[in-house]
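[1] Below is the sequence, then the predicted model.
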Amino acid sequence: MAAKTIITVGRQYGSGGRYVARLLAEKLEIPYYDKELLAEVAKDSGICQDLLEEHDEKNTRNFLFSMMSGTQPMGENGAMYMDMPLNHRIFLAQFDTIRRIASDGPCVIVGRCADYVLRDQENVLNVFIKADKEDRIRRIVEYYGADALRAEEMIRKSDKQRASYYNYYATGTWGDVNNYDLCVDTGALGIVGAVELIASCVHILEHKQEQKDPQVW
């Protein structure tokens, strides 16, 4: 049976968070949105998908030029965003699409401040995927073919970029346990173990919600 919960997934680079999220969506039989979200944003807003991909979860300092420019290509559906800086246009377009997707039903959404965007919505489980640096380096070396030094630099750069993006737009701090309902260590549990743990939490929450439903006597 498909789940009824929306799961947002924040992740450290190299933790396998994206893979966990995809396998979780398959297990729960609900839609999965990572890069797929950008196609939906492009369709909803009219912003060029290549532009969305270029600036996806990027450090806000990378937008310095575009914040001062009003000449970025936009489709007719994106007219409502034309009077604001490019980085804000992109974030608000993603914001609107995440809200729209969540209103359609349960799904798994990776990154893009989705936990913050859906902070006032019911039936949401916010998850953060982490692992020790050694485990993350090992994963990057194995899956991307980078050497250990290059892997460590990729971790540093990507985590800094994600933190800068999140901390700029959300009210919390990226990776702070207080922002999430569940923090999962893939180094300790493995990918499959992480998926099973999150799925179990989803089932527990949904059972709890069913128990709270009003009864007719």
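    That came through fine.
[2] Now for residue 163, how many residues are close by?
    15 (other Cβ atoms under 10 Å). To be clear about C-beta, it is placed using only N, CA and C from the backbone, and glycine gets the same treatment.
[3] Quickly note the distance from it to residue 157.
    Distance, residue 163 to residue 157, by Cβ to Cβ, to the nearest Å: 11 Å.
[4] In the one helix or strand residue 99 maps to, which residues are buried?
    Residue 99 belongs to helix 86-104 when assigned by DSSP states H and E. Under the neighbour-count criterion of 16 or more other Cβ atoms under 10 Å, helix 86-104 has 86-91, 93-98, 101-102 buried.
[5] longest helix anywhere in the protein?
    With secondary structure taken from DSSP state H, the chain has its longest helix at helix 186-212.
[6] Now do that helix: which elements does it pack against?
    Under the contact criterion of 3 or more Cβ pairs under 8 Å, 6 or more residues apart in numbering; DSSP states H and E, helix 186-212 touches helix 17-28, strand 124-130, helix 133-144, strand 182-185.
[7] In CSV: the ones you listed, plus mean neighbour count.
    Converted to CSV, those look like this (neighbours: other Cβ atoms under 10 Å):
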stretch, mean neighbour count
helix 17-28, 20
strand 124-130, 22
helix 133-144, 16
strand 182-185, 18
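[8] out of these, which comes closest to residue 4?
    Closest of those to residue 4 is helix 17-28, at 9.4 Å (criterion: Cβ to Cβ).
[9] Give me the packing partners of that closest one, helices and strands only.
    On a contact count with 3+ Cβ pairs under 8 Å, 6+ apart, helix 17-28 meets strand 6-11, strand 32-33, strand 108-110, strand 124-130, helix 186-212.
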